[in-house]
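Undergrad: I'd like to go over a predicted model; first the sequence, then the structure.
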Amino acid sequence: MQRLTIIRTSGDPDELLASKREHIDPVMKRKADQYGHLLHITTRADDGLVVINLWQSEEGSQQPWEDPEIQEARQGSRTERGVDRRDHLRALSGRGYRQGS
């Protein structure tokens, strides 16, 4: 069953995004596929960032939290220090709508 992860981080959105791009994104771009990563969205909130990830499975959504290289990247990032909430939800359905389909 697909798994949706929603991470809410408080702080200055511009600083958080810059830190995420510097520390976390390069590692996740290399490693996310091996954990069944399907979709990544980062959005600005009034008080920080919201990061949404969709994974192929519950197991795949947990593995990055245990990966030492990803953990190191998170620890180096300001985003990890400002995490207010992480929700791991079972995705009941999902669909990409494209023009002409």
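TA: Cool, the structure landed.
Undergrad: So for the nearest residue to His23 once chain neighbours are set aside, what's the pLDDT?
TA: In space, His23 comes closest to Ser77 once its chain neighbours are excluded; the distance is 3.9 Å by C-beta to C-beta, 6 or more residues apart in numbering. For the C-beta atoms, the positions are set from N, CA and C on the backbone; glycine is no exception. Note for Ser77: predicted pLDDT of 80.
Undergrad: Tell me which helix or strand Ser19 sits in.
TA: Assessed by DSSP states H and E, Ser19 sits inside helix 13-19.
Undergrad: helices or strands next to that helix in the packing?
TA: Packing contacts for helix 13-19, counted by 3 or more C-beta pairs under 8 Å, 6 or more residues apart in numbering; DSSP states H and E, involve strand 37-45, strand 48-55, helix 78-81.
Undergrad: So which elements touch the following helix or strand past the shortest one?
TA: If I follow you right, that is helix 78-81. Next along the chain after helix 78-81, taking DSSP H and E as the criterion, comes strand 83-90. Counting contacts by 3+ C-beta pairs under 8 Å, 6+ apart, strand 83-90 is packed against strand 3-10, helix 58-66.
Undergrad: Lovely, talk soon.
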